[in-house]
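Colleague: 3D, please:
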Amino acid sequence: MNYKILLIDDDSDDRLFFRDAIEKISTGNVSCITLDDGHILVSTLAQSSDGRPDIIFTDINMPRMSGWEVLAMLKGHDTYKDIPVIMYSTSKHTEEITKAKELGALCFFNKPQDFRDLQNALTEVVKHLQAGTINQLCENSTIFT
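Modeller: Residues are numbered from 1 along each chain as shown. Below you'll find the predicted structure:
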């Protein structure tokens, strides 16, 4: 089975870092789509010929549409509300972690500075996708909160 991970982040370096990590851990069964703006998310999802993503990561602080707005849009849309969303940010504020869970995010993930840390985290995501346990990803994790 093939898995699709989608990242929304306005920082081109962060998108490249994320995409490179996916390529390093993938055995050809994981694809990564990156968007630089949440405004094009719904049209991208609607136009996708190879199905919707299995999980979405969204940065919080973006200029045109914040990650909070992306999360609210997804969770308020009947077609996309069941796609797991991970808030992906440099923030470590407990208020934001709590807010993410209250608004329906699967969990919160701090952007790592180390490439290997990102690879390890994404490996965990892929393992849970493959096992069909993605909703349990954050339960006993030290990586995701």
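Colleague: can we go C-alpha only for contacts and neighbour counts from here?
Modeller: Will do.
Colleague: show me what the helix or strand bottoming out on mean pLDDT in the chain is packed against.
Modeller: Of all the helices and strands that make up the chain, helix 41-47 has the lowest average by mean pLDDT, DSSP states H and E, namely a mean of 82. Here helix 41-47 touches no other helix or strand, going by 3 or more Cα pairs under 8 Å, 6 or more residues apart in numbering; DSSP states H and E.
Colleague: ramachandran coordinates for the residue sitting nearest the centre point of the chain?
Modeller: Nearest to the centroid of the C-alpha atoms of the chain, with distances taken as Cα atoms, centre = their mean, sits Phe57, at 1.4 Å. When read as degrees, to the nearest 10, the backbone of Phe57 gives phi -110, psi 130.
Colleague: so it makes contact with Ser89?
Modeller: No - with contact defined as Cα atoms under 8 Å, Phe57 does not reach Ser89; the gap is 9.5 Å.
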